[in-house]
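*Asks:* would you be able to build a 3D model of this:
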Amino acid sequence: MDASARWLNDYLDPPCTAEEQAAILTAHAFPVEHMAPVDAGGGLRDMKIAVEVTSNRGDCLSHVGLAREIAAGSGRTFRPPAPTNRAMGPKASSFIRVVNHEKIRCPIYTARIIRGVSVKPSPQWLAQRLRAIGQIPRNNIVDATNFVLFELGQPTHVFDLAKIKGGEINIRLARARERFLPIGEGEKEIELTPDDLVIADAKDAVAIGGVKGGALSAVTNSTRDILIESATFAPVTVRNSSRRHRIESASAYRFERGVHPGFVDGAAERLVQIILDIAGGELCEGRVADGAPIAAERQVPMRLQRCRGILGIDLPAARMTEVLSRLGLHPVASADKIICTIPPERLDIEREIDLIEEVSRLNGYDDLPVAETISIRVAAPQAVVQAKRALADALSGMGYVEAVTHSLISESAAEPFVAAGKESLRVADDRTRAEPVLRTSIISSLLRVRRLNEDQGVADLGLFEIASTFVKCSGDIHERQRLGLLRDVMDPVLGLRPLRGALEGLAGVLAGDSSLLRVSPCGNIPWLEHGAQASISIRGRDLGWIGIIDGSVRGRFGVETRVAAAEIDLEPLLAGYPPLREVEALPAFPPIERDISAILDEQTSWEKVRKHIESLRLDLLESIDFMGTYRGKQIGEGKKSLTLRLRFRARERTLTHDEVDPQVDAAMRSLEKDLGASIRK
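*Replies:* As a prediction, this is how the structure comes out:
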């Protein structure tokens, strides 16, 4: 906020130097960033003060707001403007009608009419005040609205009444593709959307609510009758329209930080007073308004002992009351608490702690005790944090490199990884125009990393990243923390086995048992090669997918290396960490292992074979392990030779081959009968 030292002194008694103003503001949480002398015109020298104002103190984006703080911090008398106007003309409602169709987006809209104004250059005092803060004077009507904006922090606008078609003002949403020409030199016509709130006459939009007035209804030298708008608009509505159309204005800046409906009439009366003084004219009786009822002023209590306990000082109740009174909070003290009536401009005060902060700020931060030492207790490591560290350590030990990438990607990178029935999310921000999409898959980011390393000649690379993905489904937005893995396929025969082995290793680390992981072939994932994709689950819960990235998808990212990828939800794995493990004695007797090679149809999966053997419940069977797959002319087209290993063991004695042979024979006969296998001898 750029402020004029002379302008601030208009509301202070006695006045103070610019240096004093800066010191007082800085001491009370409004740091002055810099000061510079300025020529305000007419031989008047002033000092421009740049004040840092936090986003919750929109009331101090004004000279009156800053002057109130200076007065409260220095004991000076605060003298705000107190306009008084006398209406001499007919009723304003005979000239204009206001219909507010959007009372949530525009809580209150008011219109006043002044007839017979004279548009001309501003008087010297007004031009000097505006020049002192870097504004360029235009004419007395426009300058009056700017003066009130920077004096009170309430944006207002003035329309040429003769240009308002149909004698009515409608606060409504814009029509699709409705055109609008903003006021200002060099402005171009823009296309509005149904999300924009507009101020319209009977035919066209004449302003974007809270953002910018329109050129077609602007005040010119020929204007004689004016309509004065004073209103307030929802911060999010203003912010969205301002960013959507890339229109910045001092009004939008203030509405985005909040302007209370109860503040609207006072600003309108002040503007009317100034216009009547410098432009003449006749004020019509009354105001024409439409909106929601204005809420009553809030009352917020503060317990005396609570305040003392938070601040750590035994502050007298009289001192607390004095401080709050100087801020205009109307404190009423009782034996154990103070109740404050919060004025409309103080949107930041809602709770007891807010009042305690005000007491601390005005009493002086230097009075707060500072402990020489503090004691802390180190909290136990969180299980989720430990699980992520264990996951990263395990993958690093397997040769994977962790990547850290941005969650925003380009539309081209996002498109292949949007599943059917789901949508990607876009960020409406000019800074993200090149990469506006929140990624639906971590793999899109890892493919980009792989390409960069491929350009550097890096081979046999494994990458992983733990990050969030975002997707919209049936109108709901889902954000999930997932693990993405990417691995070069170095051996076509091994295919997905190295990547699957990494996932099984993680299941062992995080869930306590690698055998819990289930990989089931599927064919419905469009970004993976057909016949080289599967779903991943654990304890019956779907986690994600694994497969080889389709060549067309790799081509989008410029990756020539054939790569396998997997992506899983981490929550089910992290939730159970650390896993409970059962401790068993090491076997005291050796096992007997038998390999079976079965020629099967190509579409018969290992998972199906494993489950089938398990269903036989073979006596003394300890484990079933996949050993490999062979394809070739000897096997035949559409066939494969799958080799599995059966391990048998007895806990209390050494097995004999005679005990195992019947079990192996039963397994081979069942494979031949139920799965159509041919057993290779």
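
*Asks:* quick one, helices of the stretch 351-500 of the chain?
*Replies:* 352-363, 383-397, 411-414, 442-455, 497-511 (DSSP state H, counting those that start in this stretch).

*Asks:* confidence score at A379?
*Replies:* Note for A379: predicted pLDDT of 87.

*Asks:* what's the neighbour count on V664?
*Replies:* 18 (other Cβ atoms under 10 Å). Any C-beta I mention is one placed from the backbone N, CA and C, and that applies to glycine too.

*Asks:* report the secondary structure state of it.
*Replies:* Assigned state for V664: helix (three-state reduction, DSSP: H, G, I helix; E, B strand; the rest coil).

*Asks:* you'd agree it is up against I592?
*Replies:* No - with contacts defined as Cβ atoms under 8 Å, V664 does not count as touching I592, sitting 9.3 Å away.

*Asks:* residues touching Y11, list them.
*Replies:* By Cβ atoms under 8 Å, 6 or more residues apart in numbering, the residues touching Y11 are 63-64, 67-68, 71, 78-81.

*Asks:* ramachandran angles for it?
*Replies:* Here the main-chain torsion angles of Y11 (degrees, to the nearest 10) amount to phi -120, psi 10.

*Asks:* so for C106, which of the helices of the stretch 351-500 of the chain sits nearest?
*Replies:* helix 352-363 (26.9 Å; Cβ to Cβ).

*Asks:* go ahead and confirm I549 touches I525.
*Replies:* No - with contact defined as Cβ under 8 Å, I549 and I525 do not form a contacting pair (10.2 Å).

*Asks:* looking at the two, which is more packed in?
*Replies:* Neighbour comparison, I549 and I525: the larger count goes to I549, with 26 against 17 (by other Cβ under 10 Å).

*Asks:* ok, now which ones touch that one?
*Replies:* Under the criterion of Cβ under 8 Å, 6+ apart, the contact list for I549 reads 443, 447, 527-529, 559, 562-565.

*Asks:* export those residues to CSV and tack on secondary structure, neighbour count and distance to V264?
*Replies:* Formatted as CSV, the entries for the contacts of I549 read as follows, by DSSP: H, G, I helix; E, B strand; the rest coil; neighbours: other Cβ atoms under 10 Å; distance: Cβ to Cβ, whole Å:
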residue, secondary structure, neighbour count, distance to V264
I443, helix, 30, 53
L447, helix, 27, 54
W527, coil, 23, 54
L528, strand, 22, 59
E529, strand, 16, 64
V559, coil, 23, 59
R562, coil, 16, 66
V563, strand, 24, 61
A564, strand, 27, 63
A565, strand, 26, 57
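
*Asks:* ok, these vs Q128, which is closest?
*Replies:* L447 (61.3 Å).

*Asks:* spatially nearest residue to that closest one (excluding sequence neighbours)?
*Replies:* Excluding the flanking residues, the one nearest L447 by Cβ to Cβ, 6 or more residues apart in numbering is F557, at 4.1 Å.

*Asks:* now do the same contact list for that neighbour.
*Replies:* Residues in contact with F557 (Cβ under 8 Å, 6+ apart) are 413, 444, 447-448, 450-451.

*Asks:* got a ChimeraX select line for the buried ones in those?
*Replies:* A single ChimeraX command suffices to select whichever of the contacts of F557 are buried according to 16 or more other Cβ atoms under 10 Å:
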select :413,444,447,448,450
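
*Asks:* list phi and psi for the residue nearest the centre of the chain.
*Replies:* When Cα atoms, centre = their mean is applied to the chain, the residue found nearest the centroid is V427 (9.1 Å). The main-chain torsion angles of V427 are listed as degrees, to the nearest 10 and equal phi -100, psi 120.

*Asks:* distance of it from E411?
*Replies:* Taken as Cβ to Cβ, to the nearest Å, the spacing of V427 relative to E411 amounts to 12 Å.

*Asks:* over to L503?
*Replies:* Look at L503 and E411: by Cβ to Cβ, they are 30 Å apart.

*Asks:* more neighbours: which of those two?
*Replies:* When L503 and E411 are compared for neighbours, L503 comes out ahead with 22 against 12, by other Cβ under 10 Å.

*Asks:* hang on, that one packs against I536?
*Replies:* Yes - contact between L503 and I536 holds when scored by Cβ under 8 Å: they sit 6.6 Å apart.

*Asks:* what is in contact with these two at once?
*Replies:* A shared contact of L503 and I536, defined by Cβ under 8 Å, 6+ apart, is any residue touching both; here these are 517, 519, 546, 566, 568.

*Asks:* need the pLDDT of the first one.
*Replies:* Yep, that's L517 we're talking about. In this model, L517 is scored at 88, pLDDT.

*Asks:* same thing with the fourth one?
*Replies:* According to the per-residue confidence, A566 scores 97 in pLDDT.

*Asks:* so it, which state does it fall into?
*Replies:* Under the three-state scheme (three-state DSSP), A566 adopts strand.

*Asks:* that one pairs with what?
*Replies:* For A566, the beta-bridge partners are L485, I546 (DSSP bridges).

*Asks:* so who does it touch?
*Replies:* Going by Cβ under 8 Å, 6+ apart, A566 touches 484-485, 499, 502-503, 536, 544-547.

*Asks:* quick one: it and E415, what's the gap?
*Replies:* For A566, the distance to E415 - Cβ to Cβ - is 20 Å.

*Asks:* just the third one next, same as before
*Replies:* In this structure, I546 lies at 21 Å from E415, with Cβ to Cβ as the measure.

*Asks:* ok, how many other residues are close to the closest residue to the residue nearest to the centre of the chain other than its chain neighbours?
*Replies:* Ranked by Cβ to Cβ, 6+ apart and with sequence neighbours excluded, the top spatial neighbour of V427 is P436, at 5.3 Å. Using other Cβ under 10 Å, the number of residues around P436 comes to 19.

*Asks:* P436 and S407, how far apart?
*Replies:* Relative to S407, and taking Cβ to Cβ, P436 is found at 11 Å.

*Asks:* likewise E357?
*Replies:* Distance of E357 to S407, computed by Cβ to Cβ: 34 Å.

*Asks:* one more: L395?
*Replies:* Relative to S407, L395 is positioned 21 Å away (Cβ to Cβ).

*Asks:* cool, and A371?
*Replies:* Taking Cβ to Cβ, one finds A371 at 40 Å from S407.

*Asks:* ok, now T643?
*Replies:* Taking Cβ to Cβ as the criterion, T643 is separated from S407 by 44 Å.

*Asks:* what do you get for R68?
*Replies:* Distance, R68 to S407, by Cβ to Cβ: 43 Å.

*Asks:* again, but for R361
*Replies:* Separation of R361 from S407 (Cβ to Cβ) stands at 37 Å.

*Asks:* what does L543 give?
*Replies:* Taking Cβ to Cβ as the measure, L543 falls 21 Å from S407.

*Asks:* between these two, which is the more surrounded one?
*Replies:* Set side by side, L543 and S407 show more neighbours around L543, with 24 against 16, by other Cβ under 10 Å.

*Asks:* can you tell me the element the more buried one falls in?
*Replies:* Using DSSP states H and E, L543 maps to strand 541-549.

*Asks:* so which bits of the helix or strand following that strand are buried?
*Replies:* As assigned by DSSP H and E, the chain's next helix or strand after strand 541-549 is helix 551-557. Neighbour-count burial for helix 551-557, counted by 16+ other Cβ under 10 Å, picks out 553-554, 557.

*Asks:* again with stretch 91-108
*Replies:* Buried residues in stretch 91-108, counted by 16+ other Cβ under 10 Å: 92-93, 95-96, 98, 100, 102, 105-108.

*Asks:* nearest to D348, of those?
*Replies:* Of all the buried residues of stretch 91-108, the one sitting nearest D348 is P107; the distance, using Cβ to Cβ, is 18.0 Å.

*Asks:* give the burial count for the residue nearest to the closest one when sequence neighbours are not counted, as a bare number.
*Replies:* Leaving aside its sequence neighbours, P107 sits nearest to P261 (Cβ to Cβ, 6+ apart; 4.7 Å). The burial count assigned to P261 is 19, neighbours taken as other Cβ under 10 Å.
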